[in-house]
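Asks: Next one to model:
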Amino acid sequence: MGRPVLVGYDESPASAVALRWAVEEARLRESSVLVCHAWHWPYPRRPVEREVLAQVERVAAQVVDEGVHRARGLAPGVDVLPRLERGTASTALLRVAREAELTVLGLRGQGGFEDLQVGSAAVQVPAHSARPVIVVRSDAMPTGDAPRIVVGVDGSPASLAALGFGLEEAALRGCAVTAICCWRDYGLPAGPDWQPFVDSQATAVGRRHGSATRRPS
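Replies: Now for the predicted structure:
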């Protein structure tokens, strides 16, 4: 068994969807699930009584236990482990992600705001993690239709890494990968004149070289 699949869980509906997705990833990879919850005192000044902090930690531990219970119910054959961390969600997840094969997050957790498109962890963790991160929308669970994996490529090392991860996901699911490269022919006129010193044919060749549709072997 390799590295576990890490999932951030805080009892929010979004994290419940992420939990289901993480369990499926672990099942396909024959791996385990690491259910992580982060807690911290929400005020700049710590309370004097240690019992107050201990009580907050106990509540957080109950959140982890509930997530582990739900994950085990989704896939009894998958090994599920708890992980309680102290600190902000983003900091804790980035720290634990070093031990994981990939991280799965919901689009918005308990700390999100209605007027934000995504929660802070869903923005910060993918931006800084050294391992792949999947941010799951609430309506993104499989519906029985054939899965579709689309990867944006531009020839950069980051896009090649994304393509490799996309092919790995496709191999697990037995589906095809569509690689998309967006480009613009700078030889075409943006105004009344053509742009100078642009080889339109070379640009087209580069575009074809950078995008393809293939089925993983």
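Asks: For the chain, give me the ranges with low pLDDT.
Replies: For the chain, the stretches with pLDDT under 70 are 1, 42-48, 109-119, 140-145, 183-217.
Asks: where exactly do the helices run in it?
Replies: With helices called from DSSP state H, the chain shows them at 13-29, 50-74, 89-97, 120-128, 157-173, 200-210.
Asks: P82: which of those helices is closest?
Replies: The closest of the helices of the chain to P82 is helix 50-74. By CB to CB, the value is 4.4 Å. All C-beta atoms are positioned from the backbone trio N, CA, C, and that covers glycine.
Asks: How far off centre is that closest one?
Replies: 23 Å (CA atoms, centre = their mean, to the nearest Å).
Asks: which non-adjacent residue is nearest G166?
Replies: In this structure, G166 finds its nearest non-sequential neighbour in V151, 3.9 Å apart by CB to CB, 6 or more residues apart in numbering.
Asks: Take the helices of the chain and write them to CSV, including distance to G2.
Replies: Below are the helices of the chain laid out as CSV (distance: least, CB to CB, whole Å):
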stretch, distance to G2
helix 13-29, 7
helix 50-74, 18
helix 89-97, 15
helix 120-128, 20
helix 157-173, 12
helix 200-210, 31
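Asks: Dead centre of this protein: give me the residue that sits there.
Replies: I134 (1.7 Å; CA atoms, centre = their mean).
Asks: May I have the beta-bridge partners of the residue nearest to G166?
Replies: A179 (DSSP bridges).
Asks: ok, it - how many residues close by?
Replies: If you count neighbours by other CB atoms under 10 Å, V151 ends up with 20.
Asks: That one against L163, yeah?
Replies: Yes - V151 lies in contact with L163 (CB atoms under 8 Å); the separation is 5.0 Å.
Asks: Find residues that contact each of those two.
Replies: By CB atoms under 8 Å, 6 or more residues apart in numbering, V151 and L163 have these common neighbours: V177, A179.
Asks: Against D139, how distant is V33?
Replies: Distance of V33 to D139, given as CB to CB, to the nearest Å: 22 Å.
Asks: Please apply the same query to A61.
Replies: Taking CB to CB, one finds A61 at 31 Å from D139.
Asks: do A75 as well
Replies: For A75 relative to D139 (CB to CB), the value is 21 Å.
Asks: Have a look at the two and say which one is more surrounded.
Replies: Per other CB under 10 Å, whichever of A75 and D139 has more neighbours is A75, with 16 against 8.
Asks: and the closest residue to that one other than its chain neighbours, how many neighbours does it have?
Replies: Distances taken as CB to CB, 6+ apart place V23 nearest to A75, at 4.8 Å, with adjacent residues excluded. By other CB under 10 Å, the residues close to V23 number 23.
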